[in-house]
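No letters, just coordinates:
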């Protein structure tokens, strides 16, 4: 069972992992603005989605869920075997979360100096990610298949352009970031990813609303 | 088998300490490179260009940074005395609480430590809420890892020592016996465990260092 919210990039990580491994699951939509008692019971610590329930085992925090899924269902592994490559994947996922996603979100809804600062941070972080893609099509290890890091930062391909539009920002410039742009196109074209995404207009509408709400 | 293992660290880093414990628990020999963070060595900047922080673990010439990432790397490379259990769900639980410790517990306690007045009160309230979850998680167990010290214990280890330093400086007891009997018992058990015990940074040095940090924070936020 996966408890989620239709517009959450964190939930989509888990969705993608499950679909890439061909795992059947029941999806339960949660209204995160009016949280159900079920959600609060299952995730009393953070009260957030995604929450993953497998045979009465309850797990939250998307990266923790990804690793659980990878260790429980061994087909189409997300993380590489080699401990150093695993460490690198985890490192970059954490980096992207703290230094890319958080400032990108901030850049979307904030204004003035705060917005400029957040935008700058986002672009700087993106430059580091661009370097990581040297010569590979995905972020994965030597086998160059879609993996943990692609899933972890997959939001860049679809959520970031939406946030850019809502926030009137230009961040993912194809000229400045040719490799990420190529990766983005390839990622969005993957059969599992392509068919799962929420409609863009709904996303724009939702994030516009959120942006205004947070700012006021 | 001579494997070259080096650890870039400082004498007081609560994150570096996790790595010292992990390496010692697994009996891995390593060279310690002591960094002065006000004057970082070129090697540190080369091996951790992204964050420029300690700890950094260098193994066979390959650097890893971010302490929780390093802990998992160590556990996967040297397989004896495992830090994480075999079962994926138990692993997930260990990782969840280690992350909770860093994301929520540490930030609320740090906020309590660097503030005063109402801000401090609010932060302490938040810290108590967070610590309650840990108290529940620990009920009936010797360590978060069960009978043996595990990844979560190492990740939360700073609670067993640094918090006492903070409490001494601000004159407030946060982890007290009434509210947190299991947690307090764990801090004592953990602090006294062999290998853990011998690695604690000197108490008086920590007091001096963190008093200065608190003073600097308060000076910066007090109205002029």
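Here it is on my side, so go on. Please read all numbers here as calculations on a predicted model, not as lab measurements.

Flag every residue of chain A that's near chain B.
Applying CB under 8 Å from any CB of the partner chain, we find that chain A lies next to chain B at A:44-45, A:54, A:57, A:59-61, A:64-65, A:67-68, A:71-72, A:83-84, A:86-88, A:90-91, A:94-95, A:128. (C-beta placed from N, C-alpha, C; glycine too.)

contacting residues for residue 36?
With no chain named, the answer covers chain A. By CB atoms under 8 Å, 6 or more residues apart in numbering or on different chains, the contact set of residue A:36 is residue A:30.

that's the other chain; I wanted chain B
Residues near residue B:36 by CB under 8 Å, 6+ apart: residue B:10.

Now do it, the pLDDT please.
Residue B:36 carries a pLDDT score of 95 in this model.

What strand or helix carries it?
Under the criterion DSSP states H and E, no helix or strand holds residue B:36.

and what of the one 10 residues further on?
Take DSSP H and E as the rule and residue B:46 turns out to sit in helix B:42-47.

what about that helix, distance to the chain center?
The chain centroid and the centroid of helix B:42-47 are separated by 23 Å under CA atoms, centre = their mean, to the nearest Å.

Could you do stretch A:146-163 as well?
Using CA atoms, centre = their mean, the mean C-alpha position of stretch A:146-163 is found 5 Å from that of the whole chain.

Can you check the distance spanned by it, start to finish?
24 Å (CA to CA, to the nearest Å).

average pLDDT across that stretch?
Average pLDDT, stretch A:146-163: 96.

Next: stretch B:55-70.
Mean pLDDT, stretch B:55-70: 97.

re the thing from before, show me the residues of chain A next to chain B that map onto strands.
The strands, defined by DSSP state E, take in A:54, A:57, A:59-60 from the residues of chain A next to chain B.

returning to what we had before: so which elements touch the helix holding residue B:46?
Judged by 3 or more CB pairs under 8 Å, 6 or more residues apart in numbering or on different chains; DSSP states H and E, the packing partners of helix B:42-47 are strand B:5-9, strand B:56-59.

For chain B, just list every one of the helices.
For chain B, the helices defined by DSSP state H occupy B:14-25, B:42-47, B:67-77, B:88-100, B:106-114, B:117-138, B:151-156, B:162-170, B:181-192, B:203-221.

If we go by neighbour counts, what in the fourth one is buried?
Meaning helix B:88-100. By neighbour count with 16 or more other CB atoms under 10 Å in any protein chain shown, helix B:88-100 contains the buried residues B:88-89, B:91-100.

In a markdown table: those residues, plus distance to residue B:133 and pLDDT.
Formatted as a markdown table, the buried residues of helix B:88-100 follow (distance: CB to CB, whole Å; pLDDT from 0 to 100):
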| residue | distance to residue B:133 | pLDDT |
| --- | --- | --- |
| B:88 | 22 | 97 |
| B:89 | 18 | 98 |
| B:91 | 19 | 98 |
| B:92 | 16 | 98 |
| B:93 | 12 | 97 |
| B:94 | 14 | 98 |
| B:95 | 15 | 98 |
| B:96 | 10 | 98 |
| B:97 | 8 | 98 |
| B:98 | 13 | 98 |
| B:99 | 12 | 97 |
| B:100 | 7 | 97 |
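
Tell me the one of these nearest residue A:207?
residue B:99 (26.4 Å; CB to CB).

which ones are touching residue A:83?
Residues near residue A:83 by CB under 8 Å, 6+ apart: B:73, B:76-77.

Give the residue spans of the chain that score low on pLDDT.
Since you didn't name a chain, this refers to chain A. The model of chain A has pLDDT under 70 over residues A:135, A:141-144.

Let me rephrase: I mean chain B.
Along chain B, segments meeting pLDDT under 70 span B:1-3, B:224.

For it, which residues are neighbours of chain A?
Taking CB under 8 Å from any CB, the part of chain B that reaches chain A is made up of B:50, B:59, B:62, B:64-66, B:69-70, B:72-73, B:76-77, B:88-89, B:91-92, B:95-96, B:99-100, B:133.

ok, 7 Å please
For chain B, the residues in contact with chain A (CB under 7 Å from any CB of the partner chain) are B:50, B:62, B:64-66, B:69, B:72-73, B:76-77, B:88-89, B:91-92, B:95-96, B:99-100, B:133.

The top helix by length along chain A packs against which elements?
Secondary structure of chain A per DSSP H: the longest helix is helix A:112-132. Contacts defined by 3 or more CB pairs under 7 Å, 6 or more residues apart in numbering or on different chains; DSSP states H and E place helix A:112-132 against helix A:102-109, helix A:178-189.
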